[in-house]
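Q: Model the structure of this input:
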Amino acid sequence: MSAKIHFVVTCEHGGNRIPRRYQQLFGGYQRLLHSHRGYDAGALQLARQVADMLHADFFSATVSRLLIDLNRSIGHPKLYSEATRPAPATVRSEILKCYYLPYRNRVETNISQAIRGGQSVIHISSHSFTPELNGEVRNADIGLLYDPSRALERDICNRLRASFRANSPALIVRRNYPYFGKANGFPAYLRRRFPVDAYVAIELEINQKHVLKGGRQWRLLRSAILKSLAEAVVPNISGLPDGVLQGATPSNNSAS
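A: The predicted structure follows:
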């Protein structure tokens with residue numbers, strides 16, 4: 001990987017906002033909007049802190065994934081939810097053009113420009129998961145999602161896990177849990193668009209039990225993540241010179 005590293009931090013499920021134009025589609029879905037189905041609790045707050053620490057270009061969305069899921073590919077059966085799937089094709093196409101494509105295109109363009117400029121990209125996507133799903137308790141505090149066939153991603157996640165073990169041994173950190181990093185998602189799409197030695201993607205998944213607990217527990221988890229990222233990602237990039245982050249300029253490319 002090039003010594004010139006461009007960090008990108010994204011949060012696809014940062015909120016549960018439904019634009020006024022589409023609120024009529026969500027009658028009876030208010031409880032769902034405020035559940036883990038509506039958004040990834042805590043993911044946006046964590047993403048902002050990670051972006052600040054890394055001086056990364058930052059992209060986030062606060063429209064609910066129940067309007068359209070920015071982390072799914074076009075044609076995926078869960079791109080639209082049970083609230084929007086029955087809407088006329090013209091309405092779904094409008095949502096796609098107004099919310100999905102602008103967000104995805106901004107992120108992809110940012111990465112493409114960095115790579116064309118001779119930089120390598122490390123993309124961190126922030127998500128969270130419900131503590132229990134379909135009666136199954138999720139046995140992890142943090143999940144690190146990546147493509148095991150990509151050596152750089154595998155190496156970074158191994159270093160991250162080792163850093164967590166050394167600094168926060170009480171945390172359960174699992175790789176490719178509770179989802180597989182190769183599953184349908186925005187990073188998986190971007191891996192197909194960019195060379196393996198120029199684009200690295202890691203999805204951070206945090207257990208929402210820490211977010212719901214709030215207070216000190218939630219602060220400590222965020223601190224542990226930031227510390228491990230600082231130790232495992234920044235200093236250990238092959239060829240990355242000391243102080244490279246000090247010369248980077250943070251960006252605030254937030255989408256609504």
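
Q: what sits opposite the residue nearest to the spatial centre of the chain in the beta ladder?
A: Centroid check for the chain by CA atoms, centre = their mean gives Ser125 as the closest residue, at 2.2 Å. Counting by DSSP bridges, Ser125 is bridged to Thr10, Glu203.

Q: what about Tyr87, how many residues close to it?
A: Actually, residue 87 is Ala. It isn't Tyr. 16 (other CB atoms under 10 Å). Just so you know, the C-beta spots here come from the backbone N, C-alpha and C atoms, and that holds for glycine as well.

Q: sec struct for it, please.
A: Put simply, Ala87 is coil when judged by DSSP: H, G, I helix; E, B strand; the rest coil.

Q: Specify the next element, helix or strand, located C-terminal of the helix or strand hosting Ile156.
A: Per DSSP states H and E: Ile156 is located in helix 151-167. For helix 151-167, the following helix or strand on the C-terminal side (DSSP H and E) is strand 173-175.

Q: from the chain's centre, how far out does that following strand sit?
A: On the basis of CA atoms, centre = their mean, to the nearest Å, strand 173-175 sits 16 Å off its chain's mean C-alpha point.

Q: Same question for stretch 45-55.
A: On CA atoms, centre = their mean, the centre of stretch 45-55 falls 12 Å from the chain's centre.

Q: got the contact list for Glu205?
A: For Glu205, the contacting residues are 127-129, 140, 142-145, 177-179, by CB atoms under 8 Å, 6 or more residues apart in numbering.

Q: Below-threshold pLDDT in the stretch 151-256 of the chain: ranges please.
A: Residues of the stretch 151-256 of the chain meeting the criterion pLDDT under 70: 235-256.

Q: What is the host helix or strand of Leu190 packed up against?
A: According to DSSP H and E, Leu190 maps onto helix 186-193. Counting contacts by 3 or more CB pairs under 8 Å, 6 or more residues apart in numbering; DSSP states H and E, helix 186-193 is packed against helix 101-116, strand 120-129, strand 199-207.

Q: And the ones you listed: which comes nearest Thr10?
A: Using CB to CB as the measure, strand 120-129 is the one of the helices and strands packed on helix 186-193 that comes nearest Thr10, at 5.0 Å.

Q: same question for the closest one, mean pLDDT?
A: Here strand 120-129 scores 98 as its mean pLDDT.

Q: now that strand, how far from the chain's geometric center?
A: In this view, strand 120-129 has its centroid 4 Å away from the chain centroid, taken as CA atoms, centre = their mean.
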